[in-house]
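K.L.:
Just the structure for this:
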Amino acid sequence: MNHSTLGFVLHDVARLMRKRFEQWARAADLTRSQWQVLAKLSIHEGIHQKGLADLLEIESVTLVRLLDKMQERGLVERRNHPTDRRCSLLFLTPAAHPLLQFMRTIGEQTRLETMVDFSTQEHDQLLHYLERMREHLLAACGQPVDEPPGCAGEVKHG
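P.N.:
As a prediction, this is how the structure comes out:
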């Protein structure tokens, strides 16, 4: 009897993909957190630290530590904001671009390993289903939750 549920399987697949990506990323001496900073920053160059922390869904203090290490390594640059001295803007350095390309390559390698025996049709179908699930959850997350289902009167607030 199979006791797998959709949530557990999705979580496990995502965890294993991250683990495999990290195995490849060790060759570049880069953590997954640092890769996420590089990836987001490549799309949002010139963003301020608080904005990047929000995009990454991490605390500002955590991002500051990551950025300090990455700046020491010559991958990111902090520049003064032109009108607000309290905030700095973030940019990739030229040294970050080859590393970013390498990380994209190992991301693709990880995806290939994940989907090795899937046909193009199966791949497209799975992606379609997952995108639909994401849309449903985005819509659901936009709705208020009054009471968990099946718990009428059982869960006390406060």
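
K.L.:
So which residues of this structure form strands?
P.N.:
76-80, 88-92 (DSSP state E).

K.L.:
May I have the last one exported as PDB, CA atoms only?
P.N.:
Listed next in PDB are the C-alpha coordinates belonging to strand 88-92 (Å, rounded to 0.1, in the frame of the first residue of the first chain):
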ATOM      1  CA  SER A  88      22.600  51.200  -0.900                       C
ATOM      2  CA  LEU A  89      21.800  49.700  -4.200                       C
ATOM      3  CA  LEU A  90      23.000  46.200  -5.300                       C
ATOM      4  CA  PHE A  91      24.700  45.300  -8.500                       C
ATOM      5  CA  LEU A  92      26.500  42.200  -9.900                       C
END
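
K.L.:
helices or strands up against it?
P.N.:
helix 32-43, helix 49-56, strand 76-80 (3 or more Cβ pairs under 8 Å, 6 or more residues apart in numbering; DSSP states H and E). (C-beta placed from N, C-alpha, C; glycine too.)

K.L.:
which other residues reach the longest helix seen in the chain?
P.N.:
Counting by DSSP state H, the longest helix found in the chain is helix 120-141. Residues outside helix 120-141 that contact it (Cβ atoms under 8 Å, 6 or more residues apart in numbering): Met115, Phe118.

K.L.:
roughly how far out does that helix sit from the chain middle?
P.N.:
Computed by Cα atoms, centre = their mean, to the nearest Å, the chain-centroid distance of helix 120-141 equals 17 Å.

K.L.:
Just the terminal-to-terminal distance for stretch 25-39.
P.N.:
Length of stretch 25-39, first residue to last, Cα to Cα, to the nearest Å: 14 Å.

K.L.:
Can I get the helices and strands packed on strand 88-92 in TSV including distance to Arg26, mean neighbour count and mean pLDDT?
P.N.:
Converted to TSV, the helices and strands packed on strand 88-92 look like this (distance: least, Cβ to Cβ, whole Å; neighbours: other Cβ atoms under 10 Å; pLDDT from 0 to 100):
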stretch	distance to Arg26	mean neighbour count	mean pLDDT
helix 32-43	10	18	91
helix 49-56	21	16	93
strand 76-80	20	15	93
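
K.L.:
Figure out which of these is closest to Phe8.
P.N.:
The closest of the helices and strands packed on strand 88-92 to Phe8 is helix 32-43. By Cβ to Cβ, the value is 21.4 Å.
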